[in-house]
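*Asks:* I would like the atomic coordinates for the input below:
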Amino acid sequence: MKALVLAGGTGTRLRPFSYSMPKQLIPIANRPVLLHCLDNVKDAGVTEVGVIVGDRGDEIRALVGDGADLGLRITYIHQECPLGLAHTVAVAADFLGDDDFLMYLGDNMLLGGVREQAERFRSRRPAAQVVTVQVPDPRAFGVVELDGYGRVTRLVEKPAQPRSDLALIGVYFFTAA
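*Replies:* Down below sits the predicted model:
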């Protein structure tokens, strides 16, 4: 399995903080959030990581380097402009090849990591697996609706009338399918 970590967004919602640095480099607990993400990727057993970067990619590269200090092998993949999650997968197609992959938004702080979710994905092998969390007011999130078997039946972005309290948190697992 490989990982695709998205670190190319512009961070407009985090301004003024993101004027001086990419949002993935904003420190949380005295460490850039991107490093927390990469720790979670490694803890999930993934060491080959493609990092999607945009205009501020040099700042990301200066922090992460080739990944050796983190026990990872980093490949940087430039995206001209952020055009959505599917676009990042298309941009990273050569890197991903036919491998399964974990897609992780590089500005997400997840306590506890994603090891359990990665193990579940490896054992069950669905074509796609999303990670969710229950939230008290899901209207500000992408909301997942599930059937009785836990399968996603619908995704709705910021619904006015949510039918579920399960929010997408920016971690996804995919097979090559």
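*Asks:* can you map out the strands along the protein?
*Replies:* 2-7, 27-28, 31-32, 48-53, 73-78, 101-105, 128-134, 142-146, 152-157, 166-174 (DSSP state E).
*Asks:* tell me how far Ala7 lies from Asn108.
*Replies:* Distance, Ala7 to Asn108, using C-beta to C-beta, to the nearest Å: 11 Å. To be clear about C-beta, it is placed using only N, CA and C from the backbone, and glycine gets the same treatment.
*Asks:* okay, those two: which has more neighbours?
*Replies:* Taking other C-beta atoms under 10 Å, Ala7 and Asn108 do not tie; Ala7 has more neighbours (29 against 19).
*Asks:* my guess is that one meets Leu34, correct?
*Replies:* Yes. Under the criterion of C-beta atoms under 8 Å, Ala7 makes contact with Leu34 at 5.9 Å.
*Asks:* picking that back up, weakest of the strands of the chain in terms of mean pLDDT?
*Replies:* Sorting these by mean pLDDT places strand 27-28 lowest, at a mean of 76.
*Asks:* residues contacting it, please?
*Replies:* 33, 36, 109 (C-beta atoms under 8 Å, 6 or more residues apart in numbering).
*Asks:* one step back: so what sits against both of Ala7 and Leu34?
*Replies:* Between them, Ala7 and Leu34 share the contacting residues 24, 60, 106-107, judged by C-beta under 8 Å, 6+ apart.
*Asks:* pLDDT, neighbour count and distance to Thr88 added to these, as JSON lines?
*Replies:* As requested, the shared contacts of Ala7 and Leu34 are exported to JSON lines (pLDDT from 0 to 100; neighbours: other C-beta atoms under 10 Å; distance: C-beta to C-beta, whole Å):
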{"residue": "Gln24", "pLDDT": "78", "neighbour count": "29", "distance to Thr88": "14"}
{"residue": "Ile60", "pLDDT": "94", "neighbour count": "25", "distance to Thr88": "14"}
{"residue": "Gly106", "pLDDT": "87", "neighbour count": "27", "distance to Thr88": "11"}
{"residue": "Asp107", "pLDDT": "84", "neighbour count": "23", "distance to Thr88": "13"}
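*Asks:* check the residues you listed and tell me the two furthest apart.
*Replies:* Ile60 and Asp107 (11.6 Å; C-beta to C-beta).
*Asks:* tell me who's in contact with the residue nearest the centre of the chain.
*Replies:* Nearest to the geometric centre of the chain sits Tyr104, at 1.6 Å (C-alpha atoms, centre = their mean). Residues counted as contacts of Tyr104 (C-beta under 8 Å, 6+ apart) are 3-6, 37, 40-41, 114, 170-172.
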